[in-house]
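Chemist: Test case, fold it:
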Amino acid sequence: MGAAVNFAFMLPVMMLTFGCTFLVVSRFGSREAGLWAAGFLSAAVAFSVPMFFSSLPIPVQALSADALFLSAFYFYSGALLKRFRRPSRTALRLGVCVVAYATLAYAVLVLESLPAELLISDVACSALLIFAIGSSLRSTRRAIDRVLLGVTSLIVLEAIVRNAILLVIFSPGGDLESFGTSTYAFVMQAGASVIALLFALSALAATTLDTIERYRDAAESDSLTGLLNRRGFEETARRLKARGALNGAILLCDIDHFKRINDTFGHAAGDSVIAGLAELLKARLPEGAFAARFGGEEFVAFLPGAELADGGKVANAIRLAFSAAGQPDVAGVGKITASFGVACVASGDASLTETIGRADAALYAAKDAGRNRVMLEGTPAREAPAIHVAS
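Modeler: The predicted structure follows:
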């Protein structure tokens, strides 16, 4: 009996701890974490009812706890659906809760049957989780998602086994006192504690990893264009190098006469031009390539596996598309254009920094040659149409 009491105290404390933890995580912008917090806090209060409200009549205690448990599982299912970007089906899930609570009230007030009450509560809570599991199965993205759904399925399985035992052991007229002192109550509380802990930990791990990834993406992305920033570009290149896949072409790009664009039309127009070139890079770069805004009006892209000529063709296609994109004429400049420098990773390059340096030299050659052109590093024997070669 002492062990059962310990479990009775452990469950609300554990639920309260995780509920507060999820509240903290939700302050970083995770609505999913807010739903988990509501679920675990509801469960904490539900488990606390018999301990802190023992002076209330038994039916009041039972119906209060039942309402809180239904609320907890309503929020759990909502958090799962939110996580896997599935429709919330709020009306359907609320309908399940309302019907279940009406049935629970009948079992408590009319039948006065604890086994019936437990069975109805478990069936309703399991139905909410089963709906969320079934809706989310095809949307798992990572291992932690599969772990979370696996533990959620374990909760449902535990409820089925527990209620099968309940139907065998207890008669319809079982009372609270005999139930509280039974081995079944101890096993139920022990199993619930272990599975609840696994459930809370997997949900917290999944939500926290999402929050960390979101902040990491923000730290490695350019807010104006959605491309990588310098840090993100270098980190992506580092991962490629670690896999031995750092070979290809570098495209360095700079918008021509950008200061005059800002001076003539204002910084908002300048930002629009930058964003326009970024969209062209996203649309025109081949699969597997990645681009970054290095600062101001300068962009860099890496084309894995591309030869110098291939990089020149891609750069020229982007250059032509940008100059034809309908950007306004700038006084003293004319049509808004961009210049490109292209270089290939050499066998002696320790990192992309050296390749970018040669692409930068080619870009300066493009500027010196009159802008709005693509220049390749070195002195190749052939010259592609509209591509100028920088010696």
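Chemist: Surely residue 196 touches residue 13?
Modeler: No: counting by C-beta atoms under 8 Å, residue 196 does not reach residue 13; the two are 11.5 Å apart. The way it works is simple: take the backbone N, C-alpha and C, and place the C-beta from them, glycine included.
Chemist: Who has more neighbours out of those two?
Modeler: residue 196 (21 against 12; other C-beta atoms under 10 Å).
Chemist: Report all helices and strands that the strand or helix carrying the more buried one contacts.
Modeler: Per DSSP states H and E: residue 196 is located in helix 183-219. On a contact count with 3 or more C-beta pairs under 8 Å, 6 or more residues apart in numbering; DSSP states H and E, helix 183-219 meets helix 2-26, helix 31-52, helix 58-83, helix 143-169.
Chemist: Show me what counts as buried in the longest one.
Modeler: Of the residues in helix 143-169, those scored as buried under the neighbour-count criterion (16 or more other C-beta atoms under 10 Å) are 144-145, 147-149, 151-152, 154-156, 158-159, 162-163, 166.
Chemist: between the residues you listed, which is closest to residue 232?
Modeler: Taking C-beta to C-beta as the measure, residue 232 lies nearest residue 144 of the buried residues of helix 143-169, at 22.9 Å.
Chemist: quick one: contacts for that closest one?
Modeler: By C-beta atoms under 8 Å, 6 or more residues apart in numbering, the contact set of residue 144 is 202, 205, 206, 209.
Chemist: How many residues are close by the third one?
Modeler: Okay, so that is residue 206. 23.
Chemist: quick one: it from residue 146, how far?
Modeler: 10 Å (C-beta to C-beta, to the nearest Å).
Chemist: Show me where the stretch 1-150 of the chain dips below the pLDDT cut-off.
Modeler: The model of the stretch 1-150 of the chain has pLDDT under 70 over residues 1-8.
Chemist: Can you pick out the most distant pair from the buried residues of helix 143-169?
Modeler: The widest separation within those (C-beta to C-beta) is 32.7 Å, between 144 and 166.
Chemist: just checking, residue 193 touches residue 14?
Modeler: Yes: counting by C-beta under 8 Å, residue 193 touches residue 14, with 7.2 Å between them.
Chemist: picking that back up, could you export the helices and strands packed on helix 183-219 as JSON lines, including distance to residue 336?
Modeler: Compiled in JSON lines, the helices and strands packed on helix 183-219 are given as follows (distance: least, C-beta to C-beta, whole Å):
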{"stretch": "helix 2-26", "distance to residue 336": "44"}
{"stretch": "helix 31-52", "distance to residue 336": "41"}
{"stretch": "helix 58-83", "distance to residue 336": "43"}
{"stretch": "helix 143-169", "distance to residue 336": "45"}
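Chemist: among those helices, which is nearest residue 259?
Modeler: Among the helices and strands packed on helix 183-219, helix 31-52 sits nearest to residue 259 (C-beta to C-beta), with 42.2 Å.
Chemist: Can you name every helix or strand that the host helix or strand of residue 123 contacts?
Modeler: For residue 123, the enclosing helix or strand under DSSP H and E is helix 114-136. For helix 114-136, the packing partners by 3+ C-beta pairs under 8 Å, 6+ apart come out as helix 58-83, helix 90-106, helix 143-169.
Chemist: and those helices as JSON lines, adding distance to residue 302?
Modeler: JSON lines is the format used below for the helices and strands packed on helix 114-136 (distance: least, C-beta to C-beta, whole Å):
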{"stretch": "helix 58-83", "distance to residue 302": "33"}
{"stretch": "helix 90-106", "distance to residue 302": "45"}
{"stretch": "helix 143-169", "distance to residue 302": "29"}
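Chemist: Could I get the full set of helices for the stretch 201-350 of the chain?
Modeler: Counting by DSSP state H, counting those that start in this stretch, residue ranges of the helices within the stretch 201-350 of the chain are 230-242, 258-265, 267-284, 308-323.
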